[in-house]
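Q: the following block contains a protein sequence and its predicted model.
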Amino acid sequence: MDLNFDIDARREPPPRDGTPGWAQWCGTWKTCPKHTVYCGCDEETSQTALFDGWSLVHVIVGMTSSIPLFYLDSVAWALVINIAVAIAWEVLENAACVVQCTRTSGTSKKYEGDSIWNSLADVLCNMFGFVCVLLIYQSVHGT
């Protein structure tokens, strides 16, 4: 299943001018992801897929960033903290300096940042992890 928001939408990531950063990241909203789900080693999937191999990592991070649930009396505040952490990470992750560090550190030499759609999917995965822990928390505490 592919997403197609616009008949004229391009299926490939927009051309990169070699300078990563927020302008490039925000510019990807005009392009539909090439794949809905894709976990492959042959290309940098953060640009071409809505959900990729890193989506599982975001679920796990969502589970761990739900720890405030156990210290706050408010599920709403814990959720706000979780969403704020997820969004802040996506913004930071797509800053030009972080993309450049990722390339030079050897983590991923092809990394050019995420597409805006992949970032939104990552935030959703983070929230999914939060909801999983919330359900466990509520079943244990009988609320």
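A: Good, I have the coordinates. Residues are numbered from 1 along each chain as shown.
Q: please make it C-alpha for all contacts and neighbour counts, starting now.
A: Noted.
Q: all the strands of this structure, residue numbers only.
A: 35-37, 49-51 (DSSP state E).
Q: run a quick neighbour tally on A88.
A: Neighbourhood size, A88 [other Cα atoms under 10 Å]: 12.
Q: where does this protein have low pLDDT?
A: Applying pLDDT under 70 to the chain flags residues 1-20, 41-43, 106-108, 143.
Q: can you pull the contacts of L134?
A: Residues in contact with L134 (Cα atoms under 8 Å, 6 or more residues apart in numbering) are 66, 69.
Q: what's the longest helix in the chain?
A: helix 116-141 (DSSP state H).
Q: if we can go back for a sec, need the winner for burial among the strands of the chain.
A: Using mean count of other Cα atoms under 10 Å, the stretch among those with the largest mean neighbour count is strand 49-51, at a mean of 24.
Q: show me the contact partners of that strand.
A: Taking contacts as Cα under 8 Å, 6+ apart, the residues outside strand 49-51 that touch it are 33-38, 117-118, 121-122.
Q: again, only using 6 Å
A: Under the criterion Cα atoms under 6 Å, 6 or more residues apart in numbering, residues 33-38, 117-118 lie in contact with strand 49-51.
Q: for these, give me TSV that also has distance to V59.
A: Listed next are those as TSV, based on distance: Cα to Cα, whole Å:
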residue	distance to V59
P33	20
K34	22
H35	19
T36	17
V37	15
Y38	16
W117	16
N118	14
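Q: which pair in those residues spans the largest distance?
A: Within those, Y38 and W117 form the most distant pair, 13.5 Å apart (Cα to Cα).
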